[in-house]
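Enquirer: Predicted model follows, preceded by the sequence.
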Protein chains: 2
Amino acid sequence: MAAPKTKVTITDVAKAAGVSSSAVSYALNGKPGVSEKTRDKVLKVADTLGWRPNSAAKALSNASSRAIGLALTYSPEALTVDSWTLALLSGMSFELEKNDYSLMLRIIPTGGDMLSIHREWLADGSVDGVVITNVEIGDKRIELYRSARSMPVVAMADPSVTGGLPTLTSDDAGGARLLVDYLHELGHTHIARVAGPERYGHTFSRDRAFIEETSAMDMRYDCLHADYSPEQGADCTARLLAFGDPPTAIVYDSDSMAIASMKVAAERGFAVPEQLSMIAWDDSFLCQTVTPGLTALHRSIVTAGKQVVPMLLRQINGETVGNEYEEPYELVVRDSTAPAPVHAGQ
Amino acid sequence: MAAPKTKVTITDVAKAAGVSSSAVSYALNGKPGVSEKTRDKVLKVADTLGWRPNSAAKALSNASSRAIGLALTYSPEALTVDSWTLALLSGMSFELEKNDYSLMLRIIPTGGDMLSIHREWLADGSVDGVVITNVEIGDKRIELYRSARSMPVVAMADPSVTGGLPTLTSDDAGGARLLVDYLHELGHTHIARVAGPERYGHTFSRDRAFIEETSAMDMRYDCLHADYSPEQGADCTARLLAFGDPPTAIVYDSDSMAIASMKVAAERGFAVPEQLSMIAWDDSFLCQTVTPGLTALHRSIVTAGKQVVPMLLRQINGETVGNEYEEPYELVVRDSTAPAPVHAGQ
DNA sequence: TTGTAGGCGTTATCAG
DNA sequence: CTGATAACGCCTACAA
């Protein structure tokens, strides 16, 4: 077959088929208003001519771009190993492809002007819907979409920070309780956590749940906040272990911080898990491949990505959607956790 | 400020400013043909009205979408930790944002119909340019874009498989030589490699360079091909170590396979690096955080991503671009490599 | 310097 | 069942 010369339009097809352009449009879109015979002819001609709808013209006419937007923040250090982002992209893409939608991805440096991207999307019609992640407390994006009310949105966050926008929530408080209770059962009375950035809503949810649950269990709880980067994770661990009375277990808000910290523990002479238990919040292949295997709080980000898309599509379709919840967290016990060490003299 | 009611168009601005729509267009695009006074007025009105150009209309009118396309393949297992992909996305996004371009990302399952995505892009005008990665030998995409000649493209691959399309190449052969020579100097005479999928052009380049260089150095060289997944990486390692006469050094085509294999080596009783040296092709934070630290062949994928975008933009701009080369590989020696073990009795 | 008119490719309306 | 015709919002000759 010959390469299609240039762009072939619906008018070309109409001309070649000897019908009007509207007949072609009907035929091509499987709509009534055209005879079977004409339809077949048009389809055949369109095929041989290699016609494809022009996306811009379609978008202009329908006021729909068949794309959804995702704007992420880029932290040069932390991103290199961020399995979360990639899993989300995969999950979303899987559902988007099924529905003939594309993903408009924008990644900007941390601290960049993300809000203007959303303003653009809100006004220029280049996306039919938007997913918001890493929602901060008092997040401007929430306010923006809330006041506009014209753009399908799903926020992946705790409902307490999404101001009534459709939300997909992971049970962070439940996860925190799961971890605290597990460590409590192992006899730990002093635990610590290296958390994600304090400004994020999910970090806050976890913070609060940890405090509540440890206090209910009468455990001592220390918490340091980092940016998910291996470096800061390791730093925080070093600080925690330098205490006169260091914790006997540390929970990390990301697998990368946990893994980077294993080396620190080893260097400081803390045997894992005998003297120090370590747990990663969010599981990945790394947790199972590292030695000792890292006990982790598991959830499927891919599944969350798959879940968020239909919520968007339903809105685009004019339906109202409420909040949904991700699969619950699940504790995967490996080799990095053990009963609390018995202090000499106790 | 009040939330902009609905979409505000150029005509609305014209009406509000009391001028014609073309005057508005000129003013907004900074083109001559309008007085300073009018321009200022228009700009002011547009701003207060919250006008933003409609992307579809603009695209239709200019035949330009200000988006570039990237279609990737999704392997549920391998993707979870693929730092390569994310680094590429970051690098590309960084440059794209600077130039006011978006990234159209499509991820499909391995074995899916990627070609039809490209046919779509070629015909529907939804992207102004395309980046092709993981080029296979005899890749249909190359043929497609070569015969169409209408779409700006950059292939990230070896020029030998890109059929004359503009190409960004990493010096895979050079990297291979670097590794072989390094291991040779350490006294290794029998090395192995767990490579990526055989169908990829870059795998082939490495394969050939390894064979040539090891043969020149009079070294024995074994090679197994895997899919970059930790599982297959570990499997291959197990097989290699089960030989009666196992290699004393193994090179992995991805950091994830290398890391997953460290556990296998330990289980089989191979001390790293004393009895077995391990090297990862492509460096990441994981390599330095793991114990022992993994010696790695380093390159900046982020930089490559940054490099590929201008190549595309220049083409979009009508310029002709040739092949370019990524920064050379650099060997980062850590703790997983050592002189070849001396055999008992030698 | 300004405004009018036509085109970009589709979809949708409304006569025939 | 068909085929003009008018949007969609922007750009750009071309006239005034």
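Expert: Looks like it arrived, so ask away.

Enquirer: which residues in the stretch 101-250 of chain A form helices?
Expert: Under the criterion DSSP state H, counting those that start in this stretch, helices of the stretch 101-250 of chain A are mapped to A:114-124, A:140-148, A:172-185, A:201-216, A:230-242.

Enquirer: got a markdown table for those, with distance to chain B too?
Expert: In this view, the C-beta of every residue, glycine as well, is placed from N, C-alpha and C. Putting those into a markdown table (distance: least, C-beta to the nearest C-beta, whole Å) gives the following:
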| stretch | distance to chain B |
| --- | --- |
| helix A:114-124 | 4 |
| helix A:140-148 | 5 |
| helix A:172-185 | 19 |
| helix A:201-216 | 20 |
| helix A:230-242 | 5 |
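
Enquirer: To residue A:222, which of the ones you listed lies closest?
Expert: The closest of those to residue A:222 is helix A:230-242. By C-beta to C-beta, the value is 6.4 Å.

Enquirer: Report all helices and strands that the closest one contacts.
Expert: strand A:190-195, strand A:220-225, strand A:249-252, helix A:255-267, helix B:285-289 (3 or more C-beta pairs under 8 Å, 6 or more residues apart in numbering or on different chains; DSSP states H and E).

Enquirer: If we go by neighbour counts, what in that helix is buried?
Expert: By neighbour count with 16 or more other C-beta atoms under 10 Å in any protein chain shown, helix A:230-242 contains the buried residues A:230, A:231, A:232, A:233, A:234, A:235, A:236, A:237, A:240, A:241.

Enquirer: Show me the contact partners of that helix.
Expert: Residues outside helix A:230-242 that contact it (C-beta atoms under 8 Å, 6 or more residues apart in numbering or on different chains) are A:77, A:81, A:192, A:194, A:222, A:224, A:226, A:246-247, A:250, A:252, A:254, A:256-261, A:263-265, A:268, A:270, A:276, B:285, B:289.

Enquirer: by how many degrees do it and helix A:255-267 diverge?
Expert: With axes from the mean of the first three to the mean of the last three C-alpha atoms, to 10 degrees defining the directions, helix A:230-242 sits at 40 degrees from helix A:255-267.

Enquirer: what's the angle between helix A:230-242 and strand A:220-225?
Expert: Orientation check (the same axes, to 10 degrees): helix A:230-242 against strand A:220-225 gives 150 degrees.

Enquirer: now helix A:230-242 against strand A:190-195, angle please.
Expert: Going by the same axes, to 10 degrees, helix A:230-242 makes 160 degrees with strand A:190-195.

Enquirer: Quick check: mean pLDDT of helix A:230-242?
Expert: Model confidence over helix A:230-242, given as mean pLDDT, is 96.

Enquirer: Any idea which of the helices of the stretch 101-250 of chain A gets closest to residue A:163?
Expert: Nearest of those to residue A:163, taken as C-beta to C-beta: helix A:140-148 at 4.8 Å.

Enquirer: which residues does the residue lying closest to residue A:91 once chain neighbours are set aside contact?
Expert: Nearest non-adjacent residue to residue A:91, counting by C-beta to C-beta, 6 or more residues apart in numbering or on different chains: residue A:305, 2.1 Å away. By C-beta under 8 Å, 6+ apart, the residues touching residue A:305 are A:87, A:88, A:89, A:90, A:91, A:92, A:93, A:94, A:95.

Enquirer: go on, residue A:294?
Expert: So residue A:294 contacts A:255, A:258-259, A:262, A:278-280, A:286-288, A:334-336 (C-beta under 8 Å, 6+ apart).

Enquirer: and chain B, which of those reach it?
Expert: Contacts with chain B within these, as defined by C-beta under 8 Å from any C-beta of the partner chain: A:259, A:262, A:286.

Enquirer: circling back: next, give me the two most distant ones among the contacts of residue A:294.
Expert: Taking C-beta to C-beta, no two of the contacts of residue A:294 sit farther apart than A:255 and A:335, at 14.8 Å.

Enquirer: What is the burial count for the nearest residue to residue A:138 once chain neighbours are set aside?
Expert: Once flanking residues are discounted, residue A:138 sits nearest to residue A:161: 7.9 Å by C-beta to C-beta, 6+ apart. Neighbours of residue A:161 under the rule other C-beta atoms under 10 Å in any protein chain shown: 20.

Enquirer: Tell me how far residue A:161 lies from residue B:33.
Expert: 49 Å (C-beta to C-beta, to the nearest Å).

Enquirer: Any figure for the gap between residue A:94 and DNA strand D?
Expert: Noted for residue A:94: a distance of 31 Å to DNA strand D, by C-beta to the nearest atom of the strand, to the nearest Å.

Enquirer: Can you tell me the SS state at the residue lying closest to that residue once chain neighbours are set aside?
Expert: Leaving aside its sequence neighbours, residue A:94 sits nearest to residue A:306 (C-beta to C-beta, 6+ apart; 5.8 Å). Secondary structure assignment for residue A:306 (DSSP: H, G, I helix; E, B strand; the rest coil): helix.

Enquirer: so who does residue A:306 touch?
Expert: A:91, A:92, A:94, A:95.

Enquirer: Surely residue A:33 touches residue A:24?
Expert: No - using C-beta atoms under 8 Å, residue A:33 is not in contact with residue A:24, being 11.5 Å away.

Enquirer: the more surrounded of the two?
Expert: Of the pair residue A:33 and residue A:24, residue A:24 is the one with more neighbours under other C-beta under 10 Å, namely 28 against 11.

Enquirer: tell me the SS of residue A:64?
Expert: Assignment for residue A:64 (three-state DSSP): coil.
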